[in-house]
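Novice: how would this look folded up:
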Amino acid sequence: MTVLPRRFYARTPVTVARDLIGKTLVRRLSRNKRLGGVIVETEAYGGKKDPASHAYIGRTQRNSVMFGEAGHAYVYFTYGMHYCLNFVTGKPGGEGAGAVLIRAIEPVLGVELMDKLRNVSDPRNLTNGPAKLCQALSIDLSLNGCDVTSETSEISVEDRPKAKKVMEICSSSRIGIKLAIDRKWRFFARGNRYVSAGANIEES
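Specialist: Next up, the predicted model:
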C-alpha cells in the first residue's frame, strides 16, 4: 500500500474527486487499530469561484484550512450534530481553496468497531453518507487541518492496487445544495451498495 502524496491533491478538485474513487480511506486510532474503507462517492467544490463552496465568501475562521496547503483535512460541523470530511486540493498556498467532500466509503477495515460507533444493524447504513462515515470513523473537529499525506497521520488515503476493485465511475449534480446545481461534480461507483441512500443515479 502507498499513502497518496501531496502532489495527488495539488490538482483541481474535480480531478482529485474522480481519482479518489477506489482509493482506501484510513483512520488510524492507534498503532495497531485502524478503521476505513474504499471511497465510493465524492463531491468536488471549486473554492472561491464556486457558489456552493464554503470558500466562496472568502477566508473565515471556520474555512481557513481550505486556503492552506493541499493534502490537509478540512473537517466541519453542520446542523449542530454532524461532522463532514473534506480534503484540500489545488496549488500550493491555497490560491483556489478547492476541496473534495468524502460522501461514502465501502467499509473494509475495523468494521466491527465501526458498527459499535454507529450503533446500526444494517451494514448498508454504516458509511453511506458524509456524516455517517465520520461517525463510523470517529472523525471530529480535532482532526481539522491534519496532514493526510503523512504515513503517521490519523487520517490518510492509500492506494492498494491488490485490493482495488474494478469500478465504473459515474457523475451527477451535487447533493443538498441550492447554487451551482448544473455542475456535475459528484462522482460515485455505479451500483455500489454503500453510495449514499437514494443517490446512486447518473445524470446525462
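Novice: The residue nearest to Arg193 when sequence neighbours are not counted and Val26, how far apart?
Specialist: Nearest non-adjacent residue to Arg193, counting by Cβ to Cβ, 6 or more residues apart in numbering: Arg124, 5.3 Å away. Quick note: C-beta positions are derived from backbone N, CA and C, even for glycine. Between Arg124 and Val26 the computed distance is 21 Å (Cβ to Cβ, to the nearest Å).
Novice: if you count what's nearby, which of those two comes out ahead?
Specialist: Val26 (23 against 12; other Cβ atoms under 10 Å).
Novice: From the contact counts, what lies against the helix or strand the more buried one falls within?
Specialist: Taking DSSP states H and E as the definition, one finds Val26 inside strand 24-28. Secondary-structure packing of strand 24-28 (3 or more Cβ pairs under 8 Å, 6 or more residues apart in numbering; DSSP states H and E): strand 34-45, strand 98-109, strand 155-159.
Novice: what pairs with that strand, and is each one parallel or antiparallel?
Specialist: Here strand 24-28 has these sheet partners by DSSP bridges: strand 34-45 (antiparallel), strand 155-159 (antiparallel).
Novice: and among these, the most buried is which?
Specialist: Most buried of the strands paired with strand 24-28, by mean neighbour count (mean count of other Cβ atoms under 10 Å): strand 34-45, with a mean of 26.
Novice: okay, the angle between that one and strand 98-109?
Specialist: 150 degrees (axes from the mean of the first three to the mean of the last three Cα atoms, to 10 degrees).
Novice: Secondary structure element holding Leu133?
Specialist: Assigned by DSSP H and E, Leu133 falls in helix 130-136.
Novice: mind listing what's buried in whatever helix or strand Phe8 lives in?
Specialist: Mapping Phe8 onto the secondary structure by DSSP H and E places it in helix 6-9. Residues Phe8, Tyr9 are the ones in helix 6-9 that count as buried (16 or more other Cβ atoms under 10 Å).
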